[in-house]
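Q: quick one, structure for this:
(2 chains)
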Amino acid sequence: MGNFKLNLDRPHPDSESIRDRQNFDDVLTKFKKTQVPIYKNPWFWGSAGLASVGVATMISLNAFSNNPQKETNDKIITQNTLELPPDTDCLRPPVENEDVPFNTFVVDPKKGAHLELESGTTVDIPANSLKAATEEPVEVKIREFRDKASAFVAGIPMDYEETNAFESAGMIEIRGEQGGEVVGIDPKKAIEVSMNCTQNPADFAFWKLDEKNGKWEEHPTKNQLAASEGQPQEVHALKKEIKKDEQEIKEIKQEISTLKKPLPQEYKVHTPGHQRFDLDFDAAVYPELKALGDLTFEVVPESGYDRNFTQKNWHNVELDKKAGKYFMEFSNGNEVFEIEVRPVLENENLKKAESRFNKAIDNYRDTKVALEQAKKEAEEKKRQHELELKRLMEKHTDLQLSSKMEEENLTSGSIRMKKQRLDVLDATVDFQVTRWGLFNSDRPIAYPEPLAMQPALIWKSNQRVTDFKEVYVFDMTKNARFSYFRNAPTQSIDQLGLSKGSELFILGIDSAGNLGYCQLKRERKGEAIRDLAFEKKSGTENTKDWLKRMLHEDEPAS
Amino acid sequence: MNVNPLYHHTPERLKEELVWIQRAKESPEHFGPLYEKYHECIFRYIYQRMDDQDLAFDVTSQVFVKAMKNIHRYEFRGVPFSSWLYRIAKSELYQSFRERKSERYVNADSIQLAEVLEEWDEEEMEVNKQKLLKCLRKLKDLDIQLLEMRYFEKRSYREIGEIMEITENNAKVKTFRALERLKQYFNTNAA
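A: Residues are numbered from 1 along each chain as shown, chains lettered A, B, ... in the order given. Just a heads-up that it's a prediction; the model follows:
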């Protein structure tokens, strides 16, 4: 749903009043103020100027040394912001007014940037990779989720298909915008990310969140790319584009096939002398008549019409349709009389109906032509992508051949060392970004079986049953969360499952937004749990910090 | 459908405008004719999307400052100068929403709503207009942008395409779809 307010019939300012506010001199003055920074003046680059730069650089380096983010580009500044871009509908923070802030980096799109986060994760944005409307700086927003608490507070979906939750080794969200508008990324100059993980990423798969449906899709890492025939990222990006093109073509074809051509409505021009009735009918039952507008019903004289019926009193009259013909049914309790009628139009009503039909036909033709054209465009786009893919694949095959020959010729040297390095896994996962979003090094783990006897969920303070709308089970030994919702088709609160052996932290949110929690360790399978008593979260501590504390994630990792 | 005369140039006027652009590239003082020509339409575009008239004038000024700053980048490739300005305006508008925490507005007229209803063969009654307004609130931002440009600002598909950086036909198809979604909400009483 769009986030906007609606005004109806606000007066339009007239052109004169707008012209009165024109002030080119003012605009020119503002423009001049933005021009020629002092360091661009030639005189500045004298010895005095260079000395000033040295002093200024030292001051700024000192200032930045206190900042948790490390930057290697002195044009980058960082700030925390809670604002989310509009395309993240599937991220719904469960606690009102709480979210995980982004680190915002201001990047010159022409120069690109090397960004370093506190965790050690690096993000390399090549020069001219960001496709923005102007040359103005682009805001690159990044946040990492390295623990259960932050992923929970940000509302990151952690389910995979219907029966699995994700155990995470690290997650990163990257966005880019200019003046509130999302900027593009040149697929030929992908952003390179080296994400520092909390566990060995070799044991985890790598995913990207599809923000249209809230589902995770596998995303290739650079190691995977190197292993899987070394296909470059461009190839994967193109294959994805082709899939998208195919989907678009399919959708357009579907739209064309469901387009309904308006059929000329059955109506007659009124025949002078024929008896007519003005009758209210249900437009929902007779949409074809509604489309004709103001019409009357004329008696069909050939239908054996007996005028004598007008001498009687009738209590009710209704329109009926049988075998494509319309009938007026008169009734008075004892007797029923039926005559065939036909819808007739005349004068203005006739003209209106004709113009409405012509408009509907024009609209149908316009839509059809536009859709056919869109189909052609999509097919052409697909053809171009396929050609590009073919070209890339040929180039890639050539490169592979020459690399193989080179390797055979080398008795020692860099290639073998490079290969060895690939085998050594460290705690980072490297991947390329050509579309903004949320990336995740995760592995699916099955939801535990629902307990045979479901425990009562109660408040500890008054022993009353709670009305939780959401319940989350955190496994203290894993970076995993199992989510249960009231009346959900799968993973419903009344189908709660609790793994045995692990220490569990259970968090519930009731309809009023109160947070309750309890801790539990099931020693053995089949152990009956009669009730789970929840304590209310008290105090004003924000949920992320509180949850980190409760989950022992605030302690330094061993 | 009205036609925006500023958008549909004759070849002579287009030539004249290219001369102005060239001059403005050489010296910002020569940007004046372009400012005078497009000030009103850019202001209307911005004011259509916000509620504060003074702020709309400020943002309009900012659009022209940005345009003057970036005019060296503008190259005529069949895309009118106005659509380049609209793109800057769009960017400045969202910047303003963020910086000043002001809200995005959609401004519609009863007559325009009546036109939409007429297109659907629905009666132009007050109750239907209110229902339509409720349905508009259900639409996503992209759909609103398209319908706003087409029905509330009377822009051609070509112009919408230029502003949205999509093809004219794509603008047409996307607008049809947006209208269809609106109609579905209307018919299913989803409002």
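Q: switch to C-alpha atoms for all contacts and neighbour counts from now on
A: Noted.
Q: okay, the residue in the stretch 51-200 of chain A that chain B sits nearest to and residue A:138: tell me how far apart.
A: Nearest to chain B, among the residues of the stretch 51-200 of chain A, is residue A:179, at 4.2 Å (C-alpha to the nearest C-alpha). According to C-alpha to C-alpha, to the nearest Å, residue A:179 stands 8 Å off from residue A:138.
Q: list the buried ones in the longest strand seen in chain A?
A: Using DSSP state E, we find that the single longest strand of chain A is strand A:164-178. In terms of neighbour count (16 or more other C-alpha atoms under 10 Å in any protein chain shown), strand A:164-178 has its buried residues at A:164-178.
Q: can I see the domain layout of chain B?
A: Per the record, chain B has its domains at B:11-99, B:110-187, by automatic domain parsing.
Q: output the host helix or strand of residue B:174 as PDB, restricted to C-alpha atoms.
A: Secondary structure assignment for residue B:174, by DSSP states H and E: helix B:168-187. Output of helix B:168-187 as PDB, limited to C-alpha atoms (Å, rounded to 0.1, in the frame of the first residue of the first chain):
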ATOM      1  CA  GLU B 168       6.200   4.700 -24.000                       C
ATOM      2  CA  ASN B 169       4.500   1.300 -24.500                       C
ATOM      3  CA  ASN B 170       5.700   0.000 -21.200                       C
ATOM      4  CA  ALA B 171       4.200   3.100 -19.600                       C
ATOM      5  CA  LYS B 172       0.900   2.400 -21.300                       C
ATOM      6  CA  VAL B 173       0.900  -1.300 -20.200                       C
ATOM      7  CA  LYS B 174       1.900  -0.500 -16.700                       C
ATOM      8  CA  THR B 175      -0.800   2.200 -16.500                       C
ATOM      9  CA  PHE B 176      -3.400  -0.200 -17.800                       C
ATOM     10  CA  ARG B 177      -2.400  -2.700 -15.100                       C
ATOM     11  CA  ALA B 178      -2.500  -0.100 -12.400                       C
ATOM     12  CA  LEU B 179      -6.000   1.000 -13.600                       C
ATOM     13  CA  GLU B 180      -7.100  -2.600 -13.700                       C
ATOM     14  CA  ARG B 181      -5.900  -3.200 -10.100                       C
ATOM     15  CA  LEU B 182      -7.800  -0.100  -9.000                       C
ATOM     16  CA  LYS B 183     -10.900  -1.400 -10.800                       C
ATOM     17  CA  GLN B 184     -10.500  -4.700  -9.100                       C
ATOM     18  CA  TYR B 185     -10.400  -3.100  -5.700                       C
ATOM     19  CA  PHE B 186     -13.400  -1.000  -6.600                       C
ATOM     20  CA  ASN B 187     -15.400  -4.000  -7.800                       C
END
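Q: what about it, distance to the chain center?
A: Chain-centre distance of helix B:168-187: 17 Å, with C-alpha atoms, centre = their mean, to the nearest Å.
Q: what sits up against stretch B:56-64?
A: The list of residues contacting stretch B:56-64 from outside it, by C-alpha atoms under 8 Å, 6 or more residues apart in numbering or on different chains, reads A:21, A:27, B:35, B:39, B:42-43, B:46-47, B:50, B:85, B:88-89, B:92-93, B:96.
Q: which residues touch residue A:392?
A: Residues in contact with residue A:392 (C-alpha under 8 Å, 6+ apart) are residue A:235.
Q: the residue most central in space within chain A and residue A:93: what is the separation?
A: Note on chain A: the residue nearest the mean C-alpha position is residue A:211, at 3.2 Å, using C-alpha atoms, centre = their mean. Here residue A:211 is placed at a distance of 15 Å from residue A:93 (C-alpha to C-alpha).
Q: repeat for residue A:284
A: From residue A:284 to residue A:93 the distance is 43 Å (C-alpha to C-alpha).
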